[in-house]
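**Q** for reference, the sequence and a predicted model appear below.
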Number of protein chains: 2
Amino acid sequence: MAASPAEPSGSDSPVFADEEYRQAVVDLLGVIAYGELSAFERLVDDAKLAPNLEDKVALSSMAAAELGHFQPLQRRLGELGADAFAAMAPFRGPIDAFHEHTAPADWFEGLVKAYVGDGLAADFYREIAAYLDTGTRDLVIASLADAGQTEFVVDRVRAGIATDGRLGGRLALWGRRLMGEALSQAQRVAAERDALAALLAGGVDRPGLDLAAIGRMFSRLTERHTERMSRLGLDS
Amino acid sequence: MAASPAEPSGSDSPVFADEEYRQAVVDLLGVIAYGELSAFERLVDDAKLAPNLEDKVALSSMAAAELGHFQPLQRRLGELGADAFAAMAPFRGPIDAFHEHTAPADWFEGLVKAYVGDGLAADFYREIAAYLDTGTRDLVIASLADAGQTEFVVDRVRAGIATDGRLGGRLALWGRRLMGEALSQAQRVAAERDALAALLAGGVDRPGLDLAAIGRMFSRLTERHTERMSRLGLDS
């Protein structure tokens, strides 16, 4: 693992004297914050597809938990001298586009998206967080905590596949599409946000990722995606 | 105020030996629980009409707070030997109909509904709660706590009226329509749910409401509705 900037790492940490580093952290917290907001809204929409009120309440409660992560991110952005809404602005386009391109056609597609899509995003942000000061890293990891999706989604999707033989094939394709769309929007973000890209590339005092390390990161992301798909009983 | 059944009033209280009373409490908690769920879903929908991301987040956070009231109601229903979802079932029709008939055409109508509609429902449930054992009454009152709507809605609606002279007239009509729809659905519930109606009418050991008391209750509800409308700067 790469070394992270020296402790202590509150918002008054000396690491933030590096303006490029501060901007990268603002970007990262901004993209995560907007991700949480849009996950909230989208999960509540998808909950309308629930086959019964019990499942709707379960998914809605997970949505509310996602929203609960927003305020700590907003507070930290404020401590870093940034406005949360300005910090989120550059990411609205790519994240909204991801959701437009992956609107679930039914309850099961919504469930798979809530687990596989959010899992992929969380893995990616955690990978980035490994290169950050500990204060930011802890906040990022807490923001990405599983809101109870895993058990719920695995249970419902496996039961669905058991009663409908063709569902598994359709959802396997859907999982691949989620992966493809996520990568395509992530590339768009990386191309447009220099500070985030520079963070991964490293700086004078900061080790970054060389091409081999980026390759290993993508293998880890793919591996975990495969694990999630297979927990659902799906080929990836 | 009418006397309430004797203390103590946990779910093992002797008052619940009266099956009709228990059923009335189950009905009341059921209608409030479904009201919270549908308020949650509707507020998240209405938040999409927000003019900016800040206002959207504010309304979404209020929505999440409404959902937070659901679990204590569900737990208490369980303690009373009832299933929350079965308890909510009779009220889905009337509450869904209320929301269908009062879908806001824009952001301001949504705001007024969040404040005036929820306020009206909360006042009505609080009136009923005055006739209940203290344990139930406390739970009902906690479930109806303002999620921060008041200040937010008053601020935004007053600012809206200040910049658009015609908005006030339209929203005043809207407030009257909300009142009318709420009364019409409340009558439907009262006609269909004998236990709830009997609760208001009273029983052998339990004072109820005579016609004069019902009249006074409606004056109080109307008065508070008028107060809310005038806080918004609207005629009622």
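**A** Looks like it came in fine. Nothing here was measured: the structure is a model prediction, and the numbers come from that model.
**Q** I'd like the average pLDDT over the helix or strand hosting residue A:181.
**A** In this assignment (DSSP states H and E), residue A:181 forms part of helix A:167-192. For helix A:167-192, mean pLDDT rounds to 88.
**Q** cool, stretch A:209-224 as well?
**A** Taken as a whole, stretch A:209-224 carries a mean pLDDT of 84.
**Q** cool, stretch A:100-120 as well?
**A** For stretch A:100-120, mean pLDDT rounds to 93.
**Q** now do the same end-to-end measure for that stretch.
**A** With CA to CA, to the nearest Å applied, stretch A:100-120 spans 17 Å between its terminal residues.
**Q** for that stretch, the distance to its chain's centre please.
**A** Relative to its parent chain, stretch A:100-120 has a centroid offset of 13 Å by CA atoms, centre = their mean, to the nearest Å.
**Q** ok, that stretch near chain B or not?
**A** No - no part of stretch A:100-120 sits near chain B under the criterion CB under 8 Å from any CB of the partner chain; the closest distance found is 13.9 Å. To be clear about C-beta, it is placed using only N, CA and C from the backbone, and glycine gets the same treatment.
**Q** buried sites along that stretch?
**A** If you call a residue buried by 16 or more other CB atoms under 10 Å in any protein chain shown, then stretch A:100-120 has these buried ones: A:102, A:104, A:107-120.
**Q** between these, which is nearest residue A:182?
**A** When the buried residues of stretch A:100-120 are ranked by distance to residue A:182 (CB to CB), residue A:120 comes first, at 5.2 Å.
**Q** hang on, that closest one packs against residue A:182?
**A** Yes - with contact defined as CB atoms under 8 Å, residue A:120 reaches residue A:182; the gap is 5.2 Å.
**Q** and chain A, which residues reach chain B?
**A** Taking CB under 8 Å from any CB, the part of chain A that reaches chain B is made up of A:37, A:40-41, A:44, A:47-48, A:52-54, A:56-57, A:60-61, A:63-64, A:67-68, A:70, A:85, A:88, A:92.
**Q** which among those residues end up buried?
**A** Buried among the residues of chain A next to chain B by 16+ other CB under 10 Å: A:37, A:40-41, A:44, A:47, A:56-57, A:60-61, A:63-64, A:67-68, A:70, A:85, A:88, A:92.
**Q** in the helix holding residue A:181, what counts as buried?
**A** Buried positions in helix A:167-192, judged by neighbour count with 16+ other CB under 10 Å: A:167-168, A:170-172, A:174-176, A:178-179, A:181-182, A:185-186, A:189.
**Q** report the separation between the most centrally placed residue in chain A and chain B.
**A** Against the mean C-alpha coordinate of chain A, by CA atoms, centre = their mean, the closest residue is residue A:121 at 2.6 Å. Distance from residue A:121 to chain B, counting by CB to the nearest CB, to the nearest Å: 19 Å.
**Q** what's the closest non-adjacent residue to that residue?
**A** Ranked by CB to CB, 6 or more residues apart in numbering or on different chains and with sequence neighbours excluded, the top spatial neighbour of residue A:121 is residue A:35, at 6.0 Å.
**Q** thought residue A:176 was touching residue A:234?
**A** No - taking contact to mean CB under 8 Å, the distance of 9.6 Å between residue A:176 and residue A:234 leaves them out of contact.
**Q** circling back to that earlier point, which one of the buried residues of helix A:167-192 is nearest residue A:29?
**A** residue A:189 (13.7 Å).
**Q** what's near enough to touch the closest one?
**A** Remark: with contacts taken as CB atoms under 8 Å, 6 or more residues apart in numbering or on different chains, residue A:189 is in contact with A:31, A:91, A:94, A:196.
**Q** buried stuff in the longest helix seen in chain A?
**A** Longest among the helix segments of chain A by residue count, using DSSP state H, is helix A:19-47. By neighbour count, with 16+ other CB under 10 Å as the criterion, the buried positions of helix A:19-47 are A:21-47.
**Q** what does stretch A:136-153 give?
**A** Burial within stretch A:136-153, assessed by neighbour count using 16+ other CB under 10 Å, is assigned to A:136, A:137, A:139, A:140, A:143, A:144, A:147, A:149, A:150, A:152, A:153.
**Q** now do the helices in chain A.
**A** Listed in chain order, the helices of chain A (DSSP H) span A:19-47, A:53-68, A:70-79, A:84-101, A:107-112, A:118-129, A:134-143, A:149-163, A:167-192, A:194-201, A:211-231.
**Q** tally up the residues packed near residue A:215, please.
**A** Neighbouring residues of residue A:215 were enumerated by other CB atoms under 10 Å in any protein chain shown; the total is 11.
**Q** neighbours around residue A:71, how many?
**A** The burial count for residue A:71: 14, using other CB under 10 Å.
**Q** ditto for residue A:157
**A** 23.
**Q** for residue A:88, give me its contacts.
**A** Residues in contact with residue A:88 (CB under 8 Å, 6+ apart) are A:30, A:31, A:33, A:34, A:37, B:53.
**Q** equivalent analysis for residue A:214, please.
**A** Applying CB under 8 Å, 6+ apart to residue A:214 gives the contacts residue A:200.
**Q** quick check: the gap between it and residue A:200.
**A** From residue A:214 over to residue A:200 the distance is 7 Å, taken as CB to CB, to the nearest Å.
**Q** now residue A:58
**A** 36 Å.
**Q** residue A:182 now?
**A** With distances taken as CB to CB, residue A:182 is found 17 Å from residue A:200.
**Q** what's the answer for residue A:122, then?
**A** Distance check for residue A:122 against residue A:200: by CB to CB, it reads 17 Å.
**Q** my read is that the residue nearest to the centre of chain A contacts residue A:179, right?
**A** No - with contact defined as CB under 8 Å, residue A:121 and residue A:179 do not form a contacting pair (11.2 Å).
**Q** so what's residue A:51 up against?
**A** When contacts are counted by CB under 8 Å, 6+ apart, residue A:51 touches residue A:107.
**Q** try residue A:182
**A** Residue A:182 makes contacts with A:98, A:117, A:120, A:121, as judged by CB under 8 Å, 6+ apart.
**Q** so what's the residue count around residue A:219?
**A** The local packing count at residue A:219 equals 10, with neighbours defined by other CB under 10 Å.
**Q** do the same with residue A:160
**A** By the measure other CB under 10 Å, the count of residues near residue A:160 is 20.
**Q** got it, and the one 4 residues further on?
**A** When counting by other CB under 10 Å, one arrives at 11 neighbours for residue A:164.
**Q** quick check: phi and psi at it.
**A** Dihedral pair for residue A:164: phi -140, psi 100, per degrees, to the nearest 10.
**Q** any idea how many residues pack against residue A:72?
**A** Residue A:72: 14 surrounding residues under other CB under 10 Å.
**Q** for the record, mean pLDDT for stretch A:139-146?
**A** If you average the pLDDT over stretch A:139-146, you get 89.
**Q** lovely, talk soon.
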